[in-house]
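Asker: Output the structure for:
(one chain, ligands or ions: 1)
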Amino acid sequence: MFNDEINKIKKELEIAFNDIDTKEKLDILKQEYMGKNGSITELNSKIKIIPNEEKKSFGMAVNELKAIFNENYERISKSLEEKLINEKLNKDAIDVSLPGVHIEIGSAHPIERIIESLENLLMSMGYDVVEGPEVEKDLYNFELLNLPKGHPARDAQDTFYLKGDEYLLRSQTSPVQVREMLRCKGVEPIRIICPGKTYRRDEDDATHSHQFTQMEGLLVDENITLGDLKGTFEAVAKMLFGEARKTRFRPSFYPFTEPSVEMDISCFNCNGKGCNICKGTGWITVGGAGMVNPIVLKNCGYDPDKWNGFAFGFGIERLAMLKYGINDIRTFYVNHDIRTLKEFDRREY
Ligand code: DAH
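Answerer: Residues are numbered from 1 along each chain as shown. Next up, the predicted model:
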């Protein structure tokens, strides 16, 4: 007796499912047929009034109806989901063959390159990189380095003093030596390099700048010799200027080292024969150095009977000018054109 109704619902479903194109419509349909008051649910509840002998076939028919509904529901629900994913994929699709947006990347400044290559080499030899302040105490920049007030060697470093004479713009990176020795309180060996900006009251010209860059080195330990300094310098010279470089020390004077030397390399341009770069001598001076003066060790809390060591100082601009063939120091500060800097990318460090 319910066959008509069952068939009617079957037909309805066939049409209804064909019409579904959104998840919302699908959910409404589910509510209409399988919800609390849905047609199939209601049909199902009529089993109570079905005569016993028909209950079984009625039950089977309703179950078949439910199965038809569920199958269609699953099928359409899945295809709607796929449709949604495909739409999203199509919308977000990118053309990987399109040329990218060109972003100009920076390029390391030659001063930075020299510092970095020195750091890499010396760190591999056990040195730590330490920095100090550019506004420094006279005490550290001069006094404890054995340059007391009135010492003639102070004149060579025409200094910017700040209000009074206690503070100054450091004229060298050597005060970082003092700071490190004081920090280590006379009990620890030291191996440091200190790159940084330095200042002197120089008129700017092709070889002078009121602000420039130095790298200081300090090694304090026991039984250190000038030979250790020579070996260290040789490694630096070859790294910067090629394996063929020869090195030599010339006697010199610095108040903070005793003995003091100038560090020379054989000319990389003429290999020692004499040219305009080495001014005919075959040698080029690239830095100052020496054995740490016992007075300085003592000033900074190290017992000179137990400890000794060496120190060195490089002018970074000078190294960069030599290495890159630049003949005006001002090039480093005024010309920040990325195209100029890029030139250095093509060269070796
Ligand atoms: N501070 C010196 C200068 O600016 C360079 C220097 C020479 C540093 C000898 C040193 C050294 O550590 O031992 O002229």
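Asker: Just want the phi and psi numbers for Y199.
Answerer: Listed backbone geometry of Y199 is phi -140, psi 140, with angles given as degrees, to the nearest 10.
Asker: Can you name the residues bridging to it?
Answerer: Beta-bridge partners for Y199, by DSSP bridges, are Q211.
Asker: list the contacts for it?
Answerer: 134, 159-160, 169-171, 210-212 (CB atoms under 8 Å, 6 or more residues apart in numbering). Every C-beta, even on glycine, is put in place using the N, C-alpha and C of the backbone.
Asker: For those, which entry has the maximal number of neighbours?
Answerer: Looking at the contacts of Y199 with neighbours defined as other CB atoms under 10 Å, the largest count falls to R170 at 28 neighbours.
Asker: Once you drop chain neighbours, what's closest to it?
Answerer: In space, R170 comes closest to E136 once its chain neighbours are excluded; the distance is 4.0 Å by CB to CB, 6 or more residues apart in numbering.
Asker: The one you found touches Y167, doesn't it?
Answerer: Yes: with contact defined as CB atoms under 8 Å, E136 counts as touching Y167 (7.0 Å).
Asker: higher neighbour count, those two?
Answerer: Here E136 and Y167 are compared on neighbour count by other CB under 10 Å; more neighbours surround E136, at 26 against 17.
Asker: Any idea what the more buried one is bridged to?
Answerer: When bridges are called by DSSP bridges, E136 pairs up with L168.
Asker: what helix or strand does the residue in the stretch 51-200 of the chain positioned nearest to the ligand sit in?
Answerer: When distances are taken as CB to the nearest ligand atom, the stretch 51-200 of the chain approaches the ligand most closely through Q172, which lies 3.6 Å from it. Element membership for Q172 (DSSP states H and E) is empty, with no helix or strand holding it.
Asker: I'd like the numbering to begin with 251 instead of 1 from here.
Answerer: Will do, 251 is the new start, and the previous item becomes Q422.
Asker: Let me know the distance separating it from L368.
Answerer: 17 Å (CB to CB, to the nearest Å).
Asker: Kindly report the residues of the chain close to the ligand.
Answerer: Among all residues of the chain, those adjacent to the ligand (criterion: CB under 6 Å from any ligand atom) are 422, 424, 466, 504, 507, 538-540, 561-563.
Asker: which one among those gets closest to D342?
Answerer: Sorting the residues of the chain next to the ligand by how near they are to D342, with CB to CB, puts E466 at the top with 56.1 Å.
Asker: In this structure L263 contacts N320, no?
Answerer: No: in terms of CB under 8 Å, L263 does not count as a neighbour of N320; the distance is 11.0 Å.
Asker: Between the two, tell me which one has more neighbours.
Answerer: The residue with more neighbours, out of L263 and N320 and counting by other CB under 10 Å, is L263; that gives 19 against 12.
Asker: Now the host helix or strand of that one: buried residues?
Answerer: Following DSSP H and E, the helix or strand that holds L263 is helix 253-268. With burial defined by 16 or more other CB atoms under 10 Å, the residues of helix 253-268 counted as buried are 256, 259, 263, 266-267.
Asker: What of stretch 427-446?
Answerer: Residues 427-431, 434, 440-446 are the ones in stretch 427-446 that count as buried (16+ other CB under 10 Å).
Asker: just stretch 564-575 next, same as before
Answerer: Buried residues in stretch 564-575, counted by 16+ other CB under 10 Å: 564-573.
Asker: Take those residues and keep only those in helices.
Answerer: Secondary structure from DSSP state H places 566-573 of the buried residues of stretch 564-575 in helices.
Asker: for the protein, where's the lowest mean pLDDT among helices and strands?
Answerer: In the chain, no helix or strand scores lower on mean pLDDT, DSSP states H and E than helix 588-595, which sits at a mean of 79.
Asker: Which other helices and strands does that one contact?
Answerer: Packing partners of helix 588-595 (3 or more CB pairs under 8 Å, 6 or more residues apart in numbering; DSSP states H and E): helix 360-374.
Asker: could you redo the last one with a cut-off of 10 Å?
Answerer: Under the contact definition 3 or more CB pairs under 10 Å, 6 or more residues apart in numbering; DSSP states H and E, helix 588-595 sits against helix 360-374, helix 566-574.
Asker: how about the helices in the protein?
Answerer: With DSSP H as the criterion, the chain has helices spanning 253-268, 273-284, 289-295, 302-342, 360-374, 388-391, 425-434, 476-491, 544-549, 566-574, 581-584, 588-595.
Asker: so how far is the fifth one from its chain's centroid?
Answerer: Put plainly, it is helix 360-374. When C-alpha coordinates are averaged (CA atoms, centre = their mean, to the nearest Å), helix 360-374 and its chain have centres 14 Å apart.
Asker: what's it packed up against?
Answerer: Counting contacts by 3+ CB pairs under 10 Å, 6+ apart, helix 360-374 is packed against strand 378-379, strand 440-449, strand 461-471, helix 476-491, strand 558-565, helix 566-574, helix 581-584, helix 588-595.
Asker: List the buried residues for it?
Answerer: Buried residues in helix 360-374, counted by 16+ other CB under 10 Å: 360-365, 367-369, 371-372.
Asker: can you check the last one too?
Answerer: Neighbour-count burial for helix 588-595 flags 591, 594 (criterion: 16+ other CB under 10 Å).
Asker: angle of that helix against helix 360-374?
Answerer: Angle, helix 588-595 to helix 360-374, by axes from the mean of the first three to the mean of the last three CA atoms, to 10 degrees: 30 degrees.
Asker: Thank you kindly, that will do.
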